[in-house]
Structure formats: C-alpha cells, structure tokens
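Chemist: after the sequence you'll find the predicted model.
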2 protein chains.
Amino acid sequence: MHITEPTQLFKSLSDQTRLRCLSLLVQQGELCVCELTYALDLPQPKISHHLGNLRKAGLVSDRKMGLWIYYQIHPELAQWVVDMLSISIQGIQTHEPFASDTKQLMNMPNRPENLYSA
Amino acid sequence: MHITEPTQLFKSLSDQTRLRCLSLLVQQGELCVCELTYALDLPQPKISHHLGNLRKAGLVSDRKMGLWIYYQIHPELAQWVVDMLSISIQGIQTHEPFASDTKQLMNMPNRPENLYSA
DNA sequence: TCACTATATCTATATTTGTCGATATGCTAT
DNA sequence: ATAGCATATCGACAAATATAGATATAGTGA
C-alpha cells in the first residue's frame, strides 16, 4: 500500500510515538519491535499500534525473521518524502526525547541483531 | 510564539485545509484571508480557524493592512523547517487539490494586492 | 452615524484519534 | 504437546480535533 494523500503522510508524522520510531528507523536502518519498545520505554502494544499506523500509511515496511519482526523505512517512498524525512529527522535531533532515544537504544543489552545477524 | 515541539509542527501540516493554505503561501509569499477563501472555495470562518491554528503553531505570521489581514510563512522559522516545507510543497504540487488551488487563485478577480499594493 | 466589508471567535456537535489492558496469534525449543 | 517469548489486534473509554453556523469586532466610506 502506498501513500495516497500528503495529508495522511503528515498525520502519521504528527504523533510523538510515531515520530520517535521513525527517527530511530531513519538512523538505524532496521529495528525490531522489541528494540523500539526498549528505546522508547513504552508498552509493546502501544508501539505495535503505531507501527501499524505507519505501515498502513506506507511509510515503513516489515519483514518477519523467526520470532522477530523488523521494520524499516519503506524502500519505495517517493524521493521528496525521503528528503523530507531526512531533513526533518536531522532537524529534530536537537530536541528531546529524540536524542535520548538513540542513546537508550545503544544501551540495550542482547539486541536481537547482535544475536542473529552476521 | 515559536514552534516548540516537532510533533505540533506536523500536526499543523496534517490537515488538508491547512496544507492547502501553506502551499499557496509558500508559493505566493503573502496572501490575505479572502484570497485563500476564494482559492480554496471554503467558508471564511473555516479558513480563519485554520489560519489561527497555523499562527499559534508559529508557522505563519500576519499583518493588518486596512480591512485586510495578510498572512505569510513566518520569517523566523528554523532553517530545517523552511527546507522541509519547501521540499514538501514542491512534492505535493503534482497532487490535487493543490495544483488546482493555484490556478483558482490566478483566476480571482479584483485581488486586493492588485488594488492596494505598488 | 450608518451600511458594508473582511476577519475572528464562540458554541455545539460529530468524528477521529490515542491509550490502556486483555487477549489472540504464531514461532521456538524442550 | 507444552511452555515461553515476540508481536498484533480487539474493545472500551477518554481526549483532541474538525465542522458549521451564528455572531462579534473592526476598518472604510458615504
């Protein structure tokens, strides 16, 4: 499913939880739900719910790997959306909680990528 | 008043009426409420209401000139916001109703700028 | 002062959206 | 088969938001 309406795109960006997830995904490439849950320190159903919103909006794609589901920025976004996201994420890195989220993710013990990738 | 939270910024962009107004303002520089009302073909109170939202969010500024109130993109926006807006507005120009709005504005008879500026 | 125009605000209502907790699905390993 | 973990979805409720229409404010010109 692709983004049809620009309005819908910005609606997806207009929630703090979703923006925090997107910020990490833009920076880190691919993350599973448990990593986002840890980094943002929020209940898992809440994270899943907002990832579902981003998925429906066509902003992220997911792939299943064993027990984990990895999300990434959708690889087929229109170029202007990619540029817009990139500029925005960079712009908000000076704001909280976006900066702390990245640090928190780096402190996560036993990240699934470390166990199963490579 | 300045934009404090990125979330609030995107919330302002997430409404079709506001996005249409911003699109015209980015392109045209300065417009009064009656021009926006004509271009978008929507009730005046609705336009005013959404302009109020954009004003509170710090995205636009207004100045009174006689009977008219002119709005423009706020001249003191953070650079990343200016860039983000510019890329976004350019990106959505291929979508409706944004393209038609510009045409409709160009067809407006007796635009106040033509009468009072220069 | 009066009538007219442009704009903003108010009130009520309807809709959308977020949140929470519980539960369901589905994979993995024993 | 059973237990345990990761994730998604569901149902109820609360909060935020958009809309419409009526009305208020304020500038202009006769």
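Modeler: Ah, there it is.
Chemist: list the contacts for A:Ala39?
Modeler: Contacts for A:Ala39 (Cβ atoms under 8 Å, 6 or more residues apart in numbering or on different chains) come out as A:Arg20, A:Leu24, A:Leu31, A:Asp101, A:Thr102, A:Gln104, A:Leu105, A:Met108. For the C-beta atoms, the positions are set from N, CA and C on the backbone; glycine is no exception.
Chemist: one more time with 6 Å, if that's ok
Modeler: A:Asp101, A:Gln104, A:Leu105 (Cβ atoms under 6 Å, 6 or more residues apart in numbering or on different chains).
Chemist: cool, A:Ser12 as well?
Modeler: Contacts of A:Ser12 (Cβ under 6 Å, 6+ apart): A:Arg18, A:Leu54, A:Ala57, A:Leu59.
Chemist: if we can go back for a sec, and the contacts of A:Ala39, which is closest to DNA strand C?
Modeler: Among the contacts of A:Ala39, A:Asp101 lies closest to DNA strand C (Cβ to the nearest atom of the strand), at 15.1 Å.
Chemist: before we move on, the earlier item: now render the contacts of A:Ser12 as JSON lines, adding neighbour count and pLDDT.
Modeler: Listed next are the contacts of A:Ser12 as JSON lines, based on neighbours: other Cβ atoms under 10 Å in any protein chain shown; pLDDT from 0 to 100:
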{"residue": "A:Arg18", "neighbour count": "23", "pLDDT": "98"}
{"residue": "A:Leu54", "neighbour count": "22", "pLDDT": "97"}
{"residue": "A:Ala57", "neighbour count": "21", "pLDDT": "94"}
{"residue": "A:Leu59", "neighbour count": "24", "pLDDT": "96"}
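Chemist: closest to DNA strand D out of those?
Modeler: Of the contacts of A:Ser12, the one sitting nearest to DNA strand D (Cβ to the nearest atom of the strand) turns out to be A:Leu54, at 10.5 Å.
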